[in-house]
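Peer 1: my questions concern the predicted model and sequence given below.
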Amino acid sequence: MNKNVLEFLIYWSGIGHIVLSLASLAIPKFLKWKEELAPLQKLLRQMFWTYAGYILVINFCFGLVSVFGAVELLNTSFLAKCVTFFIAIYWLARVLIQFLYFDKTNAPKGWFFTLGEIGLVGLFVIFTVVYALAFLYNCSWI
């Protein structure tokens, strides 16, 4: 695969990560997390918000690394292999969780939420493919 194409894809995936992170700030309001989590014990609510914060920061940092380090993510070094593999597996796991674990029985209904889910899952799949290709490139397998 052409390195310039991969650099382009990683750069724009980085932009996608940053946009995803900023848009994710609205998810608690749309999904009414404050009301939905209110019945839980305080410690569980705090743990939920902590994990959500960690995920938000990780996604944002993936974006920063990809935008400002696309060249380094394709330099075939051990670190480039590890980082691209990690990001690919991270998003693959998220896609699998979406389809194999989440019970969407009580998920919000309507075209707005359906479009939102399609957009998010589409981004997750794109991220998986781009970083998997980058990993394969770093290993000289493509």
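Peer 2: Great, that's in hand. Because the structure is a prediction, the values reported are computed rather than measured.

Peer 1: now find how far off-centre the worst-scoring helix or strand of the chain on mean pLDDT is within its chain.
Peer 2: The weakest-scoring helix or strand in the chain, judged by mean pLDDT, DSSP states H and E, is helix 27-30 (a mean of 92). Offset of helix 27-30 from its chain centre (CA atoms, centre = their mean, to the nearest Å): 17 Å.

Peer 1: next SSE after it?
Peer 2: helix 33-37 (DSSP states H and E).

Peer 1: tell me where the chain has helices.
Peer 2: Taking DSSP state H, the helices of the chain run over residues 3-24, 27-30, 33-37, 42-68, 78-100, 111-138.

Peer 1: what residues does the least confident helix or strand of the chain touch?
Peer 2: Trp33, Lys34, Ala52, Pro108, Phe113, Gly116 (CB atoms under 8 Å, 6 or more residues apart in numbering). Bear in mind the C-beta positions are built from the backbone N, C-alpha and C, glycine included.

Peer 1: can you do 7 Å?
Peer 2: Lys34 (CB atoms under 7 Å, 6 or more residues apart in numbering).

Peer 1: what of stretch 92-107?
Peer 2: Outside stretch 92-107, the residues that reach it (CB under 7 Å, 6+ apart) are Phe113, Val121, Phe124, Val125, Thr128.

Peer 1: now stretch 122-141
Peer 2: With CB under 7 Å, 6+ apart, stretch 122-141 has contacts from 1, 6, 9-10, 13, 16, 20, 73-74, 76, 80-81, 84-85, 87-88, 91-92, 94-95, 98, 142.
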